[in-house]
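> sequence first, then the predicted structure:
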Amino acid sequence: MTTSLERQSVELPPRTSAPRRLLKHPRLMHYNRLAALVLTANLIFLYASWTPSTRTMGHAALADLALAILVRQQYVINLLFKLATWAPPSWPLKVRWTLGKVYHFGGLHVGGALAGASWFLALTITTTDGPLMAVGWTLTALLALIIATALPPFRSRHHDHFEKIHRFGGWTALALFWTHTLLASPGPVEVAVLSVVTFSVALPWLRLRKVDVRVERPSPHVVLARFDHGETPFAGSSTAISRSPLKEWHSFANVPAPGEPGFRLTISRAGDWTGDFIDDMPNRIWVKGITTAGVANIETLFTKVVYVATGSGIGPCLPHLLAAEVPSRLVWATRDPRTTYGDDLVDEILAVQPHALIWDTSRDGKPDMVRLAYAAYRDFGAEAVICISNKKLTWQVVHGLEQRGIPAYGAIWDS
């Protein structure tokens, strides 16, 4: 293992110009830009309509809410990733840099939800029919509750409650939308769109099943959950698992081994649910839907990439390192890697990444990950950096590099 302390003293390149740095500010990330784009398009439509009719307002609400729901559908997500990564590495770097931000699609979900709820509120205010008013105000109040509890302050502190409100509130809102639409004597377009949205919501649950799992615990901090129920997911995908399907779901990166059936999940202790999973290892677990593309799938847009991981962030990186579809270099900082994750996993990593920098934080302390990432990026001649870590460090690395003109990517915690 390499623990080159000198890399921490590498001199970072200068920051780009103030206007370019402004565009890389977290407040102006592509997620927020997409949300603003949807809201702006709705404002333009409102201005063009001037005094929209109730039917126009109903159509606008339906279109925006359909966008909010469909863009979160697993098949749609996989399609978006396929379209974005279709571009070859020969395209200009600036174009590929932007295409790599495809995982910010959640901004469309936010923009659609806000715009749709606003249109529906306006529609309800202008409604005079008694039954329609009753359903309309009930649905408006429910949409306001869903949006309020999805805001970052509530979602980050009470994620389990957010998830339940989003799930059960969303199902109830869809039923109320059907009721409101049928009471308003709908046309074929409204029925068709609502049918597609309903099928989209139901589809993952139609694939709900309980499967066998074999769990290995190399340390009290982490387990490796092995699945072999007839599916070998693609590298860079994730699987949602649950012990109580109606309560909470947790997604983990799939780690398929080339040429072997099945896959693994690396689950680290990071809360009550994961702690219970590690302490009380199950023999069977619920899965639903299909495997879904994750942020690291954008690697194929670049000729070479650097993977930066801390702790269990190695899980989402490992399938890409094993597949070796794109030349890559690993920088992994973790506490006592062999004791925590086991010799087999560390040796597996070193077999495909003999030049990896594996930083033992219990021995060398916490490193400056921005400097380590830049040093690997420079020495390897990479085009981009992909960071898988906790929220604070991911944003440190991504924005620390991007404001210096280096394409960098990492999770944005929008679900």
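Ah, there it is.

> quick one: contacts of the lowest-mean-pLDDT helix or strand in the chain?
Confidence across the helices and strands of the chain bottoms out at helix 18-23, with a mean of 83, counting by mean pLDDT, DSSP states H and E. Contact with helix 18-23 is made by 15, 28, 403, 405, as judged by C-beta atoms under 8 Å, 6 or more residues apart in numbering. Using the backbone N, CA and C atoms, a C-beta is placed for each residue, glycine as well.

> just checking, next helix/strand downstream of it?
Next helix or strand after helix 18-23 toward the C-terminus (DSSP states H and E): helix 30-49.

> what pLDDT is listed against Thr138?
pLDDT, Thr138: 97.

> packing partners for the helix or strand hosting it?
Assessed by DSSP H and E, Thr138 sits inside helix 130-150. Using 3 or more C-beta pairs under 8 Å, 6 or more residues apart in numbering; DSSP states H and E, the elements in contact with helix 130-150 are helix 106-126, helix 159-183.

> buried sites along the first one?
When burial is assessed from 16 or more other C-beta atoms under 10 Å, helix 106-126 yields the following buried residues: 106-124.

> summarise which helices and strands it is packed against.
helix 30-49, helix 54-70, helix 130-150.

> how about a markdown table for these, with distance to Ile77 added?
Shown next, in a markdown table, are those (distance: least, C-beta to C-beta, whole Å):
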| stretch | distance to Ile77 |
| --- | --- |
| helix 30-49 | 14 |
| helix 54-70 | 10 |
| helix 130-150 | 18 |
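
> ok, which of these comes nearest Gly342?
helix 30-49 (36.0 Å; C-beta to C-beta).

> what comes into contact with that closest one?
52, 56, 60, 64, 67, 98, 101, 104-108, 110-112, 114-115, 118-119, 412, 414.

> try stretch 145-158
113-114, 117, 161-162, 165-166, 169-170, 173, 413.

> of the contacts of helix 18-23 - the most surrounded one?
Neighbour counts for the contacts of helix 18-23, by other C-beta atoms under 10 Å, peak at Gln403, which reaches 18 neighbours.

> surely Val223 touches Phe252?
No: here Val223 does not reach Phe252: they are 10.7 Å apart, not a contact under C-beta atoms under 8 Å.

> and for these two, which residues touch both?
Joint contacts of Val223 and Phe252 (C-beta under 8 Å, 6+ apart) are Ile267.

> look at these two and report which has more neighbours.
A count of neighbours by other C-beta under 10 Å puts Val223 above the other of Val223 and Phe252, at 23 against 19.

> paired strands for the helix or strand harbouring that one, with orientation please.
Using DSSP H and E, the element containing Val223 is strand 222-227. The strands beside strand 222-227 in its sheet (DSSP bridges) come out as strand 214-219 (antiparallel), strand 263-268 (antiparallel).

> mean confidence score for stretch 109-121?
The model assigns stretch 109-121 a mean pLDDT of 97.

> shaky segments in the stretch 1-150 of the chain?
Scanning the stretch 1-150 of the chain for pLDDT under 70 picks out 1-7.

> is Thr51 in a helix, a strand, or coil?
Recorded secondary structure, Thr51: coil (DSSP: H, G, I helix; E, B strand; the rest coil).

> what's the distance between it and Leu143?
23 Å (C-beta to C-beta, to the nearest Å).

> compare these two and say which is more crowded by neighbours.
Higher neighbour count among Thr51 and Leu143: Leu143, with 24 against 6, using other C-beta under 10 Å.

> let me see the confidence value for the nearest residue to Ala373 once chain neighbours are set aside.
Distance criterion C-beta to C-beta, 6 or more residues apart in numbering; nearest residue to Ala373, sequence neighbours excluded, is Val308 at 4.7 Å. Per-residue pLDDT puts Val308 at 97.

> cool, Thr172 as well?
Thr172 is given a pLDDT of 97.

> that's a strand at Val241, yeah?
One correction, residue 241 is Ile, not Val. Yes: under three-state DSSP, Ile241 sits within a strand.

> what sits closest to it if chain neighbours are left out?
The spatially closest residue to Ile241, leaving aside those adjacent along the chain, is Ile285, at 5.1 Å (C-beta to C-beta, 6+ apart).

> for that neighbour, helix, strand, or coil?
With three-state DSSP as the criterion, Ile285 reads strand.

> residues in contact with Tyr341?
Residues near Tyr341 by C-beta under 8 Å, 6+ apart: 218-219, 222, 266, 314, 334.

> for Ala113, same thing?
64-65, 68, 143, 146-147, 150.

> try 7 Å
Ala113 makes contact with 68, 147, according to C-beta atoms under 7 Å, 6 or more residues apart in numbering.

> likewise for Ala117?
Ala117 sits next to 143, 147 when contact means C-beta under 7 Å, 6+ apart.

> make 37 the starting number, not 1.
Understood, numbering begins at 37; the last thing we discussed is Ala153.

> how near is it to Leu101?
8 Å.

> could you count how many residues lie near the nearest residue to Met405 once chain neighbours are set aside?
Counting by C-beta to C-beta, 6+ apart, Met405 lies nearest to Val433, which is 5.4 Å off, once chain neighbours are set aside. Neighbours of Val433 under the rule other C-beta under 10 Å: 26.
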